[in-house]
Structure formats: structure tokens, C-alpha cells
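**Q** Quick one, structure for this:
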Amino acid sequence: MSIPQSGGGPIERHEQLAEYLADGCKPRQDWRIGTEHEKFGYCKDTLKPLPYEGKRSILAVLEGLRDLHDWEPLEEGGKLIGLQKDGANVSLEPGGQLELSGAPLETIHETCDEVNAHLKDVKDIADKIGVGFIGLGAAPIWTHDEMPLMPKGRYKLMDAYMQKVGTMGRTMMRRTCTVQVNLDFASEADMVQKLRVALALQPVATALFANSPFLEGKPNGHKSWRSRVWRDLDAARTGMLPFVFEDGFGFERWVDYALDVPMYFVYRDGQYIDALGQSFRDFLKGELPALPGETPMLSDWADHLTTAFPEARIKKFIEMRGADGGPWRRLCALPAFWVGLMYDQGALDAAWDLVKGWDTETRDALRVAASEGALQAQVRGIRMHDLAREVISIAEAGLKARAYPGAGGLVPDETHFLNALKDSLDSGKVPADELLDRYNGDWDSDLTRIYADYSY
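**A** Below is the predicted model:
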């Protein structure tokens, strides 16, 4: 979840809302890659989730990163709730999931180095206090009541509201993890093409990265339970957004969509003010019940944009949101997947040609089928395995065309970061399939074995 936004004066013209998004347009040479990933922490002896405070806790991990690895603290209400350094930040998801929001970097080589350095530092602290971290899309064993709620005002408000608008919001908050990629756009037209491709192909990412086949100690019938959870969270702020594919879509249409997303809060003087279910349109008119007579700042708009949760979304960049958290190779593979598709025009055009004939029903059906069957999914004559193979081929061509070398020039491009996904294409199995094989095989249905075998 995002940290509070800052900067910008009062909103005096409606046009400022779209202008805020358009300010994200960048020339190609300034495009960057931002990778975010979440992971579950647990006590090694009890295999229970980490509380916020205590000798073995989220707080102890944050303090260790602060004191031993030079991160600057971020506090809320006197509580340490995050860290920042060199354009990156470490934050807490509602159930204590530890998230790295990486710095905007030029190459996937740099992104992967950042991920590996972060996991190394976290493991250094975790080993000292008897804690482990694991990358999965959903907590495999823990119940809702076992998961703590982190001391952030935003989460307290959301937790109370979630059960009013869906059935799985509190499950999402406490018991899911994702890996996401943020990418830039050059113009409104470029944003439109990229967002359409991002939404249409998000089910392919869900399938390839599916890594959450368990809930409360047993198989749950899905390869990506995390994706299933998002389908019953809050229809007003989730989904595949069919309007993005309509003629005339652009920044203004996104503004209309975001204005129709009910509010969660307004952030003032370090406090989250309850605006649950209220309208940002009323806020613009000075008629918000939570702050009567007050009109919003641009930072309020930026905050509000972080409360829409579709499969892909725009702020001043595009955020791809459809993949389960997973092992380190997958954390490097997701940016490779999307950069390959998005940052070379030939690849982007090929990806759009692949999906432009799909209708709303096909895109929605692919999303559901990816959650259930991953690469084994089939929808209206589309075999996910075949589709994924074609998409990876396009991404690989895009990375070759980018030709960003690594390792001091010894590695010619970024294509090798797709190898984990190619392995899945060759075997037909994604991480969820491998986990189920272990569960039904050498683990003998003992899911506690997952911690020793799959932790970072």
C-alpha cells in the first residue's frame, strides 16, 4: 500500500486532475522501471506470523534495517512504519507483509541487483532474531485471526469498511502478497496503448506467476488464490475496466473513473480522517462531509488515486498489478516480462495486435481462468499455455531490441531474466503446480514443510 503523498497546491480547476496524470509523460530516454514486491515474515520456531512489536517482530526487522543498513525511518503516530533510501522505500502491508518499493531504475539488471541486495539485507536481520521470510501469493496456513493489523491509520479505516463492500477485502489486506512493476509512458496515446495491453495481458501474468494454491493449510482449488480474492473485494475499485478499451479513452476518462471510486480518507497533519464512502466530487465542491468547506490539495488527489485497485492502473506511471508474490527469480522476471512488452514499440504493437480483437467477456473470462488453472486455462478457443508462449516471445524480442547490457557488458541484453518463465512454458508448470506436486508428494500433505523449502 502507498505511503501518504505530498506536494502540490490546492485544486482550483477541474483540469488539474488530468494535468496531474499528464505530468507523468516522459521522453523515452527518461523511462524507468520500478519494481515492488511483498513477502510474509514468520517466527522460525513457531511458524506463526510476525507481530508488529516484540523481540521477533516487524518492528525489529525495520529497526535492524535502519540501524545496520542505513535506511531512514518513516513514522506515523510515533510508530516506525517504513523506511526510505536512495529513491526506494520499505513499507508495511496491512497484515505485516514487508514490501520493497524499488527506486526508478534504468535497466532490469539494476532492478534485479536492488531486489537481491534487499533480500540479503532482510535475511541478515531476520537470521539474527530467528525470523524467516517467504514469497507466496497468499498465506498458506495462517487464519485471519492470526494475522495482526499494522498500526497505520489507513489500514484501520479500510479494515472497518471492507466487509461492507465485498467479502474478501480483509483477506486481501492480511493474507496476500504481490509483485508489481511500474512503467512510464511518453504521451497520452502511449499511455492508452500500454494500459490496454497491460489490462488485456494481465491474466497471462497471473497464470505465469500463480503461486497461491493453499489457504489455511489445504489446497483451495485455485492456482492463484490471490487473484480470486481480488474479484470479491470491492467492485467499485477493482476489475478489468472495459471503458479503457472504448474510443476516446484518455486521461480525462481516467479522471471520471477515479472520481467515481468512493473515498477512504483524507490525510491531514499526520492523521487519516475518515471519509469512507464519500465522494471526491463533493470534495472538489467544498462539500465533503469529513471536511466541510475545505477543498482538496493535489496531494489529496494523488492519495485518492492509490485507492483504486484495478488489474492495472495509472498514476503518473502505469502499474501492473496481476502477479503473485514469489521466489527471487520471479521477482526479476516480472519486470522483464512487462518491459519487454512495453518499452519497445515493435513489441508493444505486436502485443496490441494480439489482444485488440478480444471483447470484454473474453478478457474477464481469461482473468477468472488464469486464477483457477494458470497455464492449463482455456477460454473461447484460447489456450493459456499457447498464449503465454506467444507473449513471452514478443517480450523477448522487445528486450533484445532494447539491448541493455549488464555485468559490465558481458551480458548483451536483459532476455535471460525471462528464463524462469521459459522454464514454466517448457514444463507446463508454474510455481503453484510445483507446490501442489510437493504437497501431494514428498511433503505428504504437511504444509509446514513449505517454510523450510521455499523461504528466501
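
**Q** residue boundaries of the helices in the stretch 101-250 of the chain?
**A** Assigned by DSSP state H, counting those that start in this stretch, the stretch 101-250 of the chain shows helices spanning 108-129, 153-165, 169-175, 188-208, 225-230.

**Q** Quick one: list the elements packing against the second one.
**A** Looking back up the chat, that one is helix 153-165. Other elements packing on helix 153-165 under the criterion 3 or more Cβ pairs under 8 Å, 6 or more residues apart in numbering; DSSP states H and E are helix 169-175, strand 265-268, strand 271-274. The C-beta positions use only the backbone N, C-alpha and C, and glycine is treated the same way.

**Q** so which of these comes closest to G325?
**A** helix 169-175 (11.5 Å; Cβ to Cβ).

**Q** P104: how many residues sit nearby?
**A** Neighbour count for P104, taken as other Cβ atoms under 10 Å: 18.

**Q** I misspoke; the intended subject was F214.
**A** Neighbourhood size, F214 [other Cβ under 10 Å]: 23.

**Q** Can you get me a residue count around the spatially closest residue to A420 that is not a sequence neighbour?
**A** Nearest non-adjacent residue to A420, counting by Cβ to Cβ, 6 or more residues apart in numbering: R329, 4.1 Å away. When neighbours are defined as other Cβ under 10 Å, R329 has 14 of them.

**Q** Can you tell me how far R329 is from H14?
**A** Distance, R329 to H14, using Cβ to Cβ, to the nearest Å: 46 Å.

**Q** what does P51 give?
**A** Distance, P51 to H14, by Cβ to Cβ: 45 Å.

**Q** These two: which is more packed in?
**A** Using other Cβ under 10 Å, the more surrounded residue of P51 and H14 is P51, with 17 against 13.

**Q** I'd like the average pLDDT over stretch 92-101.
**A** In this model, stretch 92-101 has an average pLDDT of 97.

**Q** That stretch: end-to-end distance?
**A** One end of stretch 92-101 sits 10 Å from the other (Cα to Cα, to the nearest Å).

**Q** Excluding chain neighbours, give the residue nearest to G293 in space.
**A** In space, and not counting its chain neighbours, G293 is closest to G286: 5.5 Å by Cβ to Cβ, 6+ apart.

**Q** Tell me the confidence at the most far-flung residue of the chain relative to its centre?
**A** The outermost residue of the chain, judged against the average C-alpha position, is G293 (35.3 Å), by Cα atoms, centre = their mean. For G293, the model assigns a pLDDT of 96.

**Q** In contact with the residue nearest to G293, which residues are there?
**A** G286 makes contacts with 292-295, as judged by Cβ atoms under 8 Å, 6 or more residues apart in numbering.

**Q** Number of residues surrounding F249?
**A** Neighbours around F249, by other Cβ under 10 Å: 18.

**Q** quick one, what contacts the nearest residue to it once chain neighbours are set aside?
**A** Closest residue in space to F249, ignoring its immediate chain neighbours: V192 at 5.7 Å, by Cβ to Cβ, 6+ apart. Residues near V192 by Cβ under 8 Å, 6+ apart: 244, 249-250.

**Q** so which of those comes closest to S393?
**A** Closest to S393 out of the contacts of V192 is V244 (24.9 Å), distances taken as Cβ to Cβ.

**Q** residues in contact with that closest one?
**A** 192, 195-196, 199, 253.

**Q** how close does it sit to F251?
**A** 12 Å.

**Q** go on, A258?
**A** 10 Å.

**Q** what do you get for L288?
**A** L288 sits 23 Å away from F251, taking Cβ to Cβ as the criterion.

**Q** what does K422 give?
**A** Counting by Cβ to Cβ, the separation of K422 from F251 is 36 Å.

**Q** burial count for the closest residue in space to K218 that isn't next to it in sequence?
**A** Nearest residue to K218, sequence neighbours excluded (Cβ to Cβ, 6+ apart): L447, at 7.6 Å. For L447, the tally of surrounding residues (other Cβ under 10 Å) stands at 18.

**Q** P289 now?
**A** So P289, with other Cβ under 10 Å, has 12 neighbours.

**Q** Could you find the closest non-adjacent residue to it?
**A** Per Cβ to Cβ, 6+ apart, closest to P289 is Q278, 5.9 Å.

**Q** List the contacts of that neighbour.
**A** So Q278 contacts 262-263, 288-290 (Cβ under 8 Å, 6+ apart).

**Q** and of the residues you listed, the nearest to E110?
**A** Nearest to E110 among the contacts of Q278, with distances taken as Cβ to Cβ, is M263, at 36.4 Å.

**Q** distance of the closest one from T307?
**A** From M263 to T307 the distance is 7 Å (Cβ to Cβ).

**Q** Quick check on the two: which one has the bigger neighbour count.
**A** Neighbours were counted for M263 and for T307 using other Cβ under 10 Å; M263 has more, 22 against 19.

**Q** Tell me how many other residues crowd the closest residue to the more buried one other than its chain neighbours.
**A** Residue nearest to M263 in three dimensions, not counting chain neighbours: A275, with 4.3 Å by Cβ to Cβ, 6+ apart. Under the neighbour criterion other Cβ under 10 Å, A275 is assigned a count of 22.

**Q** Phi first, then psi, for A275.
**A** Reported as degrees, to the nearest 10, the phi and psi values for A275 are phi -130, psi 30.

**Q** cool, G322 as well?
**A** The phi and psi torsions at G322 (degrees, to the nearest 10) take the values phi -100, psi 10.

**Q** Tell me how many other residues surround it.
**A** Neighbours of G322 using other Cβ under 10 Å come to 30.

**Q** My read is that it contacts Q202, right?
**A** Yes: G322 is within contact range of Q202, at 3.7 Å (criterion: Cβ atoms under 8 Å).

**Q** Need the overlap of contacts for those two.
**A** Counting by Cβ under 8 Å, 6+ apart, the residues touching both G322 and Q202 are 311-312.

**Q** ok, and for stretch 60-67, which residues are buried?
**A** Buried residues in stretch 60-67, counted by 16 or more other Cβ atoms under 10 Å: 60-66.

**Q** From the chain's centroid, how far away is it?
**A** 24 Å (Cα atoms, centre = their mean, to the nearest Å).

**Q** cool, and stretch 439-451?
**A** Distance, stretch centre to chain centre, for stretch 439-451: 28 Å (Cα atoms, centre = their mean).

**Q** picking that back up, in a strand, that's where the residue nearest to P289 is, yeah?
**A** No: going by DSSP: H, G, I helix; E, B strand; the rest coil, the assignment for Q278 is coil, not a strand.

**Q** and T415, how many neighbours?
**A** 20.
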